[in-house]
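Colleague: No letters, just coordinates:
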């Protein structure tokens, strides 16, 4: 595997967020997306139930700034129906979940430059990972990835609906590094780059365990005090970023002699801003 080096540390993997990064952010009517599921669950209280489903979903996402505990689509539906005093069988909840996913599926696409970018990363010797905060099941995500020609380009795919926590919890990023490692040895955090659109979930979470983090700013997502290592506005901009770090690493480091005649070690060169990338913290 070829290795790009960031500040003297090799980079062997690039891990992506999904929504807002590999898949475009959608400004969409959430109430409408829950309406078919609500009709399935209880046609006599469909409007009230649809509103409750939207509210519970918002509460689930709010956990990213609180407990960071994950949840599943069935957890969400069960809580919403219980709050309205509805006794809904598990099989009916499963059918309602499929109705909801069908409503989403017709709207979801991937970035048209994703296939070419991930292919180019793999040609450079990079392993590719995906970590998504989601209550949707793996099967739904994998169908979308397969449909758009991406599933074979992503070595490791993790979904919070199968984990105990969501990003930015450290365990989520650690799980990705473990999956990207060799045998029982996880990939070192410094050898992986995370790319995402959320300053808290993605950038702060990744940097918190020592990963390099690249922000793809999303106007719909609030900014934050954390500084990414670089910013991109499109997926292909990641390629010169990796190439720039590789070129920088190839330059010999300068050393200086100590008063005793030995070497005092490399002269610190400071953070690297690769050609064509935004300076850390300059956007978003």
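Modeller: Cool, got the structure. These numbers come from a predicted model, not from an experiment. Numbers count the residues shown, from 1 in each chain.

Colleague: Can you check the pLDDT for the closest residue to residue 114 other than its chain neighbours?
Modeller: Computed as C-beta to C-beta, 6 or more residues apart in numbering, the closest residue to residue 114 that is not its neighbour in sequence is residue 22, at 5.3 Å. C-beta: built from backbone N, CA, C; applies to glycine. pLDDT, residue 22: 98.

Colleague: what does residue 131 give?
Modeller: In this model, residue 131 carries a pLDDT of 98.

Colleague: on that earlier part again, how near is the residue nearest to residue 114 to residue 143?
Modeller: Distance, residue 22 to residue 143, using C-beta to C-beta, to the nearest Å: 15 Å.

Colleague: quick one: which of the two has more around it?
Modeller: residue 22 (26 against 14; other C-beta atoms under 10 Å).

Colleague: Look up how far residue 43 lies from the more buried one.
Modeller: 36 Å.

Colleague: One more: residue 166?
Modeller: Distance from residue 166 to residue 43, by C-beta to C-beta: 32 Å.

Colleague: Can you give the contact residues for the helix or strand that residue 94 is a member of?
Modeller: In the assignment (DSSP states H and E), residue 94 maps to helix 90-105. Contacts to helix 90-105, defined as C-beta atoms under 8 Å, 6 or more residues apart in numbering, come from residues 32-41, 73-74, 77-78, 81, 88, 136, 140, 144.

Colleague: Taking those residues, please make a PyMOL selection of just the buried ones.
Modeller: Buried residues among the contacts of helix 90-105 (16 or more other C-beta atoms under 10 Å), as a PyMOL selection:
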select buried, resi 33+34+35+36+37+38+39+40+41+73+74+77+78+81+88+136+140+144
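
Colleague: For the closest residue to residue 208 other than its chain neighbours, grab phi and psi.
Modeller: Once flanking residues are discounted, residue 208 sits nearest to residue 170: 6.2 Å by C-beta to C-beta, 6+ apart. The phi and psi values for residue 170, taken as degrees, to the nearest 10, are phi -60, psi -30.

Colleague: close enough to count as contact, residue 170 and residue 205?
Modeller: Yes. Using C-beta atoms under 8 Å, residue 170 is in contact with residue 205, at 7.3 Å.

Colleague: Have a look at the two and say which one is more surrounded.
Modeller: residue 205 (28 against 15).

Colleague: more crowded one of residue 166 and residue 43?
Modeller: Neighbour totals were compared for residue 166 and residue 43, and residue 166 leads with 27 against 9 (other C-beta under 10 Å).

Colleague: show me what contacts that one?
Modeller: 63-64, 68-70, 133, 160, 172, 201.

Colleague: likewise residue 145?
Modeller: 110, 151, 154, 157.

Colleague: Output those residues as CSV; include the columns secondary structure and pLDDT.
Modeller: As requested, the contacts of residue 145 are exported to CSV (DSSP: H, G, I helix; E, B strand; the rest coil; pLDDT from 0 to 100):
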residue, secondary structure, pLDDT
110, coil, 98
151, helix, 98
154, coil, 98
157, strand, 98
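
Colleague: List buried members of the residues you listed by neighbour count.
Modeller: 110, 154, 157.

Colleague: Closest one to residue 119 out of the residues you listed, please.
Modeller: Nearest to residue 119, judged by C-beta to C-beta, of the buried ones among the contacts of residue 145 is residue 154 at 11.2 Å.
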